[in-house]
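Q: Got a predicted structure plus its sequence, pasted below:
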Amino acid sequence: MADKKELGYELETKSTDQQIQQRTKIQKLFEERPMPDSHLLVSLGLYMRSSALVKILFINEIYEKIRDVPGVIVEFGVWWGQNLILFENLRAIHEPFDQTRRVIGFDTFEGYDGFSDLDKSKGSQESSFKSYADVVKRGGYAVSSGYENYLNELLAAHEGVNVLGNIRKHSLVKGNVVESVPEYFGKNPYIVVALAYFDLALYEPTKVALETIKPRLVPGSVILLDELNYPEAPGETIAFREVFKDIDYSIEKSKFIRDKAIVTIK
């Protein structure tokens, strides 16, 4: 697998130098762990920092909101695919016998591209940490070449150990969202969307995906906007306000990650 130098970007962080040192220590202890891999897979909490644990609590929070809402779960911008794996396993926990609750992920797997003027921050924010703007750039959040094949295999393996594992309930769609999302939904006119997780950051792909799923939403459907109200990545907010200006919805903060916005269709 490629390291961060090969990928061409580093992760956003708000950690102090001291916190980064402790994080590095945890990583070193992980690499030197005196346990077999089979034990590691059931003991991952040993090395999971609070910032990683809270993301799992957050994903469960939004899943619980759509447990009684029919439809699929879609994620626009999957990166390494952790959310898709979590959604698959939460599906097996919350509603193991619902074979219609499919999990679908869209990504180029090549990082950000196609910036517009609407994706540029209008202000300047000086900070001592690696900011969001340092990551949301051409090629940011790219993954290793061919990674989508590995992720597909990993999703299938997780699905295979869960109830109804013989029935495929996940899909990965590689390509530019501006083209791949309308094409996919056009070929699948029956799809209803219960949960749409947006982590595209950029204006054009976000707007196209929102416009595409808009007629597929039902009362109770949830839209998760990862960058809503982010001054460093304004495109997502602009796209949402344009597409949903005539839709009745409620919006709230996550109780676990306070800068994440959860939209529920009325």
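A: Everything's here; your move.

Q: looking at this, residue 105 is in a helix?
A: No - Residue 105: not assigned to a helix; according to DSSP: H, G, I helix; E, B strand; the rest coil it is strand.

Q: Please tell me how far the nearest residue to it once chain neighbours are set aside sits from residue 180.
A: The shortest distance from residue 105 to any residue other than its chain neighbours is 4.1 Å, reached at residue 78 (Cβ to Cβ, 6 or more residues apart in numbering). Backbone N, C-alpha and C define where each C-beta goes, glycine included. Remark: distance between residue 78 and residue 180 (Cβ to Cβ, to the nearest Å) = 12 Å.

Q: State the distance from the most centrally placed residue in the chain to residue 110.
A: The residue lying closest to the centre of the chain (Cα atoms, centre = their mean) is residue 78, at 4.8 Å. Per Cβ to Cβ, residue 78 is found 12 Å from residue 110.

Q: hmm, back to that, overlap in contacts of residue 78 and residue 180?
A: Common contact partners of residue 78 and residue 180 (Cβ atoms under 8 Å, 6 or more residues apart in numbering): residue 106.

Q: Strands of the stretch 101-250 of the chain, start to end?
A: 103-107, 170-174, 193-198, 217-225, 249-253 (DSSP state E, counting those that start in this stretch).

Q: So for residue 207, which of these sits nearest?
A: Minimum separation from residue 207 across the strands of the stretch 101-250 of the chain (Cβ to Cβ) falls at strand 193-198, 10.6 Å.

Q: Poorly predicted segments of the stretch 151-266 of the chain, please.
A: Along the stretch 151-266 of the chain, no part satisfies pLDDT under 70.

Q: Would you map the helices across the stretch 101-250 of the chain?
A: Taking DSSP state H, counting those that start in this stretch as the test, the helices found in the stretch 101-250 of the chain are 132-135, 147-161, 177-187, 203-213, 235-243.

Q: could you dump those to CSV with mean neighbour count and distance to residue 250?
A: Below are the helices of the stretch 101-250 of the chain laid out as CSV (neighbours: other Cβ atoms under 10 Å; distance: least, Cβ to Cβ, whole Å):
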stretch, mean neighbour count, distance to residue 250
helix 132-135, 18, 26
helix 147-161, 15, 32
helix 177-187, 16, 25
helix 203-213, 22, 17
helix 235-243, 19, 14
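
Q: Looking at the ones you listed, which is nearest to residue 69?
A: Across those, residue 69 has its closest neighbour in helix 203-213 (13.6 Å, Cβ to Cβ).

Q: what secondary structure does the residue nearest to the centre of the chain sit in?
A: Per three-state DSSP, residue 78 ends up coil.

Q: Same question for residue 96.
A: Classified using three-state DSSP, residue 96 is coil.

Q: Pull the contacting residues for it.
A: Contacts of residue 96 were listed using Cβ under 8 Å, 6+ apart, and they are 162-164.

Q: what does residue 72 give?
A: Counting by Cβ under 8 Å, 6+ apart, residue 72 touches 100-104, 191-195.

Q: Mind checking which of these are buried?
A: Among the contacts of residue 72, the ones that count as buried by 16 or more other Cβ atoms under 10 Å are 101-104, 191, 193-195.

Q: Distance to residue 222 for the residues you listed - can I get that in JSON lines?
A: Output for the buried ones among the contacts of residue 72, formatted as JSON lines (distance: Cβ to Cβ, whole Å):
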{"residue": "101", "distance to residue 222": "13"}
{"residue": "102", "distance to residue 222": "16"}
{"residue": "103", "distance to residue 222": "14"}
{"residue": "104", "distance to residue 222": "15"}
{"residue": "191", "distance to residue 222": "16"}
{"residue": "193", "distance to residue 222": "9"}
{"residue": "194", "distance to residue 222": "7"}
{"residue": "195", "distance to residue 222": "5"}
